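> this is the structure alone, sequence omitted:
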Ligand SMILES: Nc1ncnc2c1ncn2[C@@H]1O[C@H](COP(=O)(O)OP(=O)(O)OP(=O)(O)O)[C@@H](O)[C@H]1O
Ligand SMILES: [Mg+2]
């Protein structure tokens, strides 16, 4: 595949299960190496960027995270996201604390900061994982199904926070979603993958089209426009 994402863009990646979305993200963040071809970020080849530096540039939230240490508080767990800013010794600066408080407020986690990770619900944990990725203040966010386990209000909250960060801090967002309607509402561009390839890309109105989606997903779609945004009603 050949794919270019521009600085400050909000790009959603959609596609059926097993189509290669997570694998693509893993190649971008340097966890997987492509068999052929190259991945470049800000003109530099990912495999040549030192891991520490790459970790500062990219905030990555994998689809599956390993269980967090149960005796760590929410605050401590989010703070760990700042580890790439600690130079040599393990001291926490005022700025680190401020950064944690900022994301805690952004994601509505204030009442949970002193709780242990093991005490959180599935959705609360998901928000904390996201907070850890955000606290790093990377230039590029790469998020693999970050809305899993979240209720509808928190889904919107996360998407709104990402869009605000993009606007205020010129961050680039590459996000894997399964919800076509949310992708249409929040993205500058949607990329659809199928069987390991990019099969379609464009602005939401160019991609969220019944015959394209039907071909890819094998179900029927009706598209209605809400406030100029295409929204789908799928049926079998
Ligand atoms: N570690 C692995 N070794 C071998 N094959 C793998 C590995 N990880 C994924 N695959 C296969 O590669 C293909 C793409 O997987 P990938 O996880 O990228 O899909 P995806 O689009 O993220 O799917 P989903 O929507 O279910 O998360 C699948 O067929 C999967 O079975
Ligand atoms: Mg996946």
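Sure thing, it's come through. Note that the structure is a prediction, hence the values are computed from the model and not measured. Numbering: from 1, shown residues only. Ligands and ions are numbered 1, 2, ... in the order given.
> got the residues of the protein near ligand 1?
The chain comes close to ligand 1 at residues 15, 17-23, 63, as judged by C-beta under 6 Å from any ligand atom. All C-beta spots, glycine's among them, are computed from the backbone N, C-alpha and C.
> identify those among those residues that sit within helices.
Among the residues of the chain next to ligand 1, the members falling in helices (DSSP state H) are 21-23.
> ramachandran coordinates for the spatially closest residue to residue 134 that is not a sequence neighbour?
Spatially, and ignoring its direct neighbours in sequence, residue 134 is nearest to residue 103 (4.7 Å; C-beta to C-beta, 6 or more residues apart in numbering). Taking degrees, to the nearest 10, you get phi -70, psi -30 for the backbone angles of residue 103.
> surely residue 103 is in contact with residue 133?
No: between residue 103 and residue 133 there is no contact under C-beta atoms under 8 Å: 9.1 Å.
> returning to that earlier point: got a list of what the residue nearest to residue 134 touches?
78, 109, 131, 134-135 (C-beta atoms under 8 Å, 6 or more residues apart in numbering).
> could you flag which of the ones in helices among the residues of the chain next to ligand 1 are buried?
21-22 (16 or more other C-beta atoms under 10 Å).
> among the ones in helices among the residues of the chain next to ligand 1, which are within reach of ligand 2?
With C-beta under 5 Å from the ion as the criterion, those include 21-22 near ligand 2.
> would a markdown table of the ones in helices among the residues of the chain next to ligand 1 with pLDDT be doable?
Shown next, in a markdown table, are these (pLDDT from 0 to 100):
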| residue | pLDDT |
| --- | --- |
| 21 | 98 |
| 22 | 98 |
| 23 | 96 |
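> of the ones in helices among the residues of the chain next to ligand 1, closest to residue 200?
Proximity of these to residue 200 was ranked by C-beta to C-beta; the top entry is residue 21 with 13.5 Å.
> ok, the closest residue to that closest one other than its chain neighbours - how many residues close by?
Once flanking residues are discounted, residue 21 sits nearest to residue 176: 4.7 Å by C-beta to C-beta, 6+ apart. Residue 176 is flanked by 23 other residues according to other C-beta atoms under 10 Å.
> give the next helix or strand downstream of the one helix or strand residue 100 maps to.
Residue 100 is part of helix 94-106, with elements assigned from DSSP states H and E. As assigned by DSSP H and E, the chain's next helix or strand after helix 94-106 is helix 122-134.
> mind jotting down where the helices sit in this structure?
Applying DSSP H to the chain gives helices spanning 21-28, 51-57, 74-79, 94-106, 122-134, 152-169, 180-186, 204-207, 210-217.
> go through the last one and flag the buried ones.
To tie it back to what came earlier, the one meant is helix 210-217. Those buried within helix 210-217 under the rule 16+ other C-beta under 10 Å are 212-213, 216-217.
> then the second one?
In terms of neighbour count (16+ other C-beta under 10 Å), helix 51-57 has its buried residues at 54-57.
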